[in-house]
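Q: Give me a 3D structure for the following:
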Amino acid sequence: MNRTMQAGRTERRDFDEQCAVLEAAGRILSSTPYDRASLADVADGAGVDLELLEEHFCTMDDIAASVLDVQQERMTEVLSRVMESDAHSLDRLLALIHGVARLMADDPLVQAGMAMSDSLPEDLQDTGRGFYEEWQKVTETLIREGIADGSVTSGQDPADLAELLNEIFVGAQVLAGMKDRWSSLPDRILLAQPLILSFLVPSAAK
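A: As a prediction, the model looks like this:
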């Protein structure tokens, strides 16, 4: 076996090990408070030796940072798919909130990022807040584009509409997290859709 092939297999093995660790961390941190979880818990959940895990992650903060990175990557993928769509802006906005709700309901790593947000060190809390700042900007942009293409007919300020939309979403997210670990979030957002449409397209609600 030449060195290039051997290096490639080693890199692939390292990548697979890191993925297994992060998936295990997601499962554990989505249901266990961050300050009570340990590297040994994650190693056991991933089915790897603790020494092997420590080759990739020296502390729980390292694992938490990687979980937050993956969380933001997966949520940003939803944003990107929506923004690349040719649909009217209102349809893209609805696709965005339903897509993120489904991701939060189904993905343990995303759930882990949400669950541990309040117990992280301050520097990591700032990382976790980054997606919500981007979410606010994207929803406001879609509302402004919707006003331009006629799919949003409200005369209210787009920034205020985006804030109201996000308050509804985050409220549903918090309630779903308390009730059933976010599994009901897609249904809650579907239930809220007529309310959302009533202030984005008030003429259609009459």
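Q: helix or strand for the spatially most central residue of the chain, which one?
A: In the chain, the residue lying closest to the centroid (CA atoms, centre = their mean) is M75, at 4.3 Å. Assessed by DSSP states H and E, M75 sits inside helix 60-83.
Q: what does that helix rub up against?
A: Helix 60-83 has contacts (CB atoms under 8 Å, 6 or more residues apart in numbering) with 18, 21-22, 25-26, 29, 34, 37-39, 42, 57, 92-93, 95-96, 99-100, 103, 107, 109-110, 112-114, 116, 120-121, 124, 127-128, 130-131, 134-135, 138. Yep, even glycine has a C-beta here, placed from its N, CA and C like the rest.
Q: how about the helices in this structure?
A: 3-29, 39-46, 50-56, 60-83, 89-106, 108-115, 122-149, 158-180, 185-200, 202-205 (DSSP state H).
Q: Flag the shaky bits of the protein, pLDDT-wise.
A: 1-15, 118, 121, 125-131, 205-206 (pLDDT under 70).
Q: switch the cut-off to 90
A: Along the chain, the model assigns pLDDT under 90 to residues 1-38, 41-73, 75-76, 79-80, 82-85, 108-109, 112-136, 203-206.
Q: follow-up on the earlier one: please check the contacts of helix 60-83 and keep the buried ones.
A: Among the contacts of helix 60-83, those scoring as buried are 18, 21-22, 25-26, 29, 34, 37, 39, 42, 57, 92-93, 95-96, 99-100, 103, 107, 109-110, 112-114, 116, 120, 124, 127-128, 131, 135, 138 (criterion: 16 or more other CB atoms under 10 Å).
Q: Show me which residues of the helix holding M75 are buried.
A: So for helix 60-83, counting by 16+ other CB under 10 Å, buried means 60, 63-68, 70-72, 74-75, 78-79, 82.
Q: show me the contacts for the closest residue to W135 other than its chain neighbours.
A: Using CB to CB, 6 or more residues apart in numbering and skipping the chain neighbours, the partner closest in space to W135 is N166 (6.8 Å). By CB under 8 Å, 6+ apart, the contact list for N166 reads 132, 135-136, 139.
Q: roughly how far apart are F57 and L103?
A: 24 Å (CB to CB, to the nearest Å).
Q: try C19
A: Distance from C19 to L103, by CB to CB: 18 Å.
Q: same question, D41
A: For D41, the distance to L103 (CB to CB) stands at 25 Å.
Q: again, but for A159
A: When A159 is compared with L103 (using CB to CB), they lie 25 Å apart.
Q: wait, doesn't A25 sit right on D44?
A: No - assessed by CB atoms under 8 Å, A25 is found out of contact with D44, at 11.3 Å.
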